[in-house]
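> I need the structure of the sequence given here:
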Amino acid sequence: KGGREVYQEVKSLRPETPVLFTTGYSFNALEKERLPHNTGQIIRKPYAPDELLHRVRQALDEEE
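Predicted coordinates:
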């Protein structure tokens with residue numbers, strides 16, 4: 001499944017679940033992909049482990 005499909009499935013089961021998309025695409029390409037509104041955060045590949053941990057923590061904290 002693609003990210004959009006997984007997102008829709010997760011949100012249908014647990015709408016409160018925070019989401020962090022990872023992608024190797026440019027932000028211009030993502031606009032063309034037309035992700036659903038309020039999808040959460042997006043982190044571009046490649047990323048350092050510390051950056052990923054920071055962004056996961058940030059996504060979890062925003063849901064509180």
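
> Name the secondary structure element that contains residue 17.
Assigned by DSSP states H and E, residue 17 belongs to neither a helix nor a strand.

> Next up, the contacts around it.
Taking Cβ atoms under 8 Å, 6 or more residues apart in numbering, we find residue 17 in contact with 10-11. (Each C-beta comes from the backbone N, C-alpha and C, glycine too.)

> Distance-wise, check it relative to residue 61.
As defined by Cβ to Cβ, to the nearest Å, residue 17 lies at a distance of 14 Å from residue 61.

> Quick one: the strands in the chain, in order.
Here the chain has its strands, by DSSP state E, at 20-23, 41-44.

> Now do the last one: which elements does it pack against?
Read that as strand 41-44. Contact analysis of strand 41-44 by 3 or more Cβ pairs under 8 Å, 6 or more residues apart in numbering; DSSP states H and E lists strand 20-23, helix 27-33, helix 49-62 as its packing neighbours.

> Least confident of those, on average?
With a mean of 59, helix 27-33 has the lowest mean pLDDT of the helices and strands packed on strand 41-44.

> before we move on, back to that, closest to residue 1 out of the helices and strands packed on strand 41-44?
strand 20-23 (13.4 Å; Cβ to Cβ).

> Can you give me the buried ones in that closest one?
By 16 or more other Cβ atoms under 10 Å, the buried positions in strand 20-23 come out as residue 21.

> cool, and stretch 53-60?
55, 59.

> who touches it?
Contacts to stretch 53-60, defined as Cβ under 8 Å, 6+ apart, come from residues 18-20, 40-41, 43, 47.

> any idea which of those is least confident?
residue 40 (66).

> related to what we said a few turns ago, could you dump the contacts of stretch 53-60 into JSON lines and include distance to residue 10?
As requested, those are exported to JSON lines (distance: Cβ to Cβ, whole Å):
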{"residue": "18", "distance to residue 10": "10"}
{"residue": "19", "distance to residue 10": "7"}
{"residue": "20", "distance to residue 10": "12"}
{"residue": "40", "distance to residue 10": "10"}
{"residue": "41", "distance to residue 10": "15"}
{"residue": "43", "distance to residue 10": "17"}
{"residue": "47", "distance to residue 10": "21"}
